[in-house]
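Trainee: Sequence first, predicted model second:
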Amino acid sequence: MSGHSKFANIKHKKEKNDAARGKIFTVIGREIAVAVKEGGADPNNNSKLRDVIAKAKANNMPNDTIERGIKKAAGNAETVDYVQNTYEGYGPSGIAIIVETLTDNKNRTAANVRSAFTKGRGNIGTSGCVSFMFQKKGQIIVSKEEYETDPDDFMMMAIDAGAEDFVEEDDSYEILTDPDDFSAVRETLEAENVPMASAEVTMIPDTYVKLTDPDDIKNLNRTLNLLEEDDDVQAVYHNWEEDDE
């Protein structure tokens, strides 16, 4: 585990400007569309949709926006034609980067992702070149400020629900699950009214790398910013240990 606060990073992302928040809603909107196409518009019968709705609520997406997205996707299920792709590559000093995309134009997305790597002095590699450095896990972050509880009791609740690991930070709790157990654990905590700052299946690095060269940091930030601004990019994972804000 890295030494920095994951909750601080999540909080920092949520406090970005309205354009960044709009990007998050676009990302989640596409995930809703895909989930509805794959499993239908009823969350009670579609665990993937339930997970996306939980992610939407953790990112402060209004309920009516979520409901409109589901209705729109249900009405246009046959026209939803997003393709998922994953790109892997390297930033400065060998920083490992994984980019997950959901797009209706693979050529546009591939060109934009390649450009983001190139402008940050990095390069795209072959499939599998860095993913072995990460583990796919369900991750739930709970802010201590939002949820006052006895840590031992909370840990037992999470473990009993099926969690693999429970980590107490200064400002938050981190719960890790096997991806297949994520929905069940999240729904158990939700039933206990546990507020979640973040709840999603993610890629967690086995080890983190620190950068000390200002040019490397500048170039890596350029790549990450370009990727995060791209509407086709759903998620970006890396093993850079950023300094706390």
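Mentor: Received it, and whenever you're ready, just let me know what you need.
Trainee: quick one: contacts for Asp232?
Mentor: 101-103, 105, 108-109, 112 (Cβ atoms under 8 Å, 6 or more residues apart in numbering). Quick note: C-beta positions are derived from backbone N, CA and C, even for glycine.
Trainee: from the residues you listed, which is closest to Asp153?
Mentor: Leu102 (38.5 Å; Cβ to Cβ).
Trainee: so the closest one touches Asp81, yeah?
Mentor: No: assessed by Cβ atoms under 8 Å, Leu102 is found out of contact with Asp81, at 10.7 Å.
Trainee: Show me which of these two is the more surrounded one.
Mentor: Shown here are Leu102 and Asp81; by other Cβ atoms under 10 Å, Leu102 has more neighbours (19 against 10).
Trainee: And the helix or strand where the more buried one lies, what does it pack against?
Mentor: Element membership of Leu102, judged by DSSP states H and E, is strand 96-103. Under the contact definition 3 or more Cβ pairs under 8 Å, 6 or more residues apart in numbering; DSSP states H and E, strand 96-103 sits against helix 18-39, strand 83-90, helix 106-119, helix 214-229, strand 233-238.
Trainee: Give me the contacts around the last one.
Mentor: Contacts with strand 233-238, where a contact means Cβ under 8 Å, 6+ apart, come from 27, 30-31, 91, 95-102, 109, 113, 134, 202-205, 220, 224, 227-228.
Trainee: That strand versus helix 214-229: what angle between them?
Mentor: Angle, strand 233-238 to helix 214-229, by axes from the mean of the first three to the mean of the last three Cα atoms, to 10 degrees: 150 degrees.
Trainee: next one: strand 233-238 to chain centre, how far?
Mentor: Centroid separation for strand 233-238 versus its chain: 7 Å, with Cα atoms, centre = their mean, to the nearest Å.
Trainee: any idea which helix or strand of this protein has the worst average confidence?
Mentor: The weakest-scoring helix or strand in the chain, judged by mean pLDDT, DSSP states H and E, is helix 6-14 (a mean of 63).
Trainee: What are the buried residues along the longest strand seen in the chain?
Mentor: Secondary structure of the chain per DSSP state E: the longest strand is strand 134-143. Of all the residues in strand 134-143, those buried under the rule 16 or more other Cβ atoms under 10 Å are 134, 137-143.
Trainee: Check stretch 169-178 too.
Mentor: Those would be 169, 172-177, for stretch 169-178 by 16+ other Cβ under 10 Å.
Trainee: now, which of those lie within strands?
Mentor: Short answer: those in strands (DSSP E) are 172-177.
Trainee: a markdown table for those, including pLDDT and distance to Glu67?
Mentor: Supplementary listing: these in a markdown table, determined by pLDDT from 0 to 100; distance: Cβ to Cβ, whole Å:
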| residue | pLDDT | distance to Glu67 |
| --- | --- | --- |
| Ser172 | 94 | 29 |
| Tyr173 | 96 | 30 |
| Glu174 | 95 | 30 |
| Ile175 | 97 | 28 |
| Leu176 | 97 | 31 |
| Thr177 | 97 | 27 |
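Trainee: which element is the nearest residue to Glu192 once chain neighbours are set aside on?
Mentor: Computed as Cβ to Cβ, 6 or more residues apart in numbering, the closest residue to Glu192 that is not its neighbour in sequence is Met157, at 6.6 Å. Using DSSP H and E, Met157 sits within helix 151-161.
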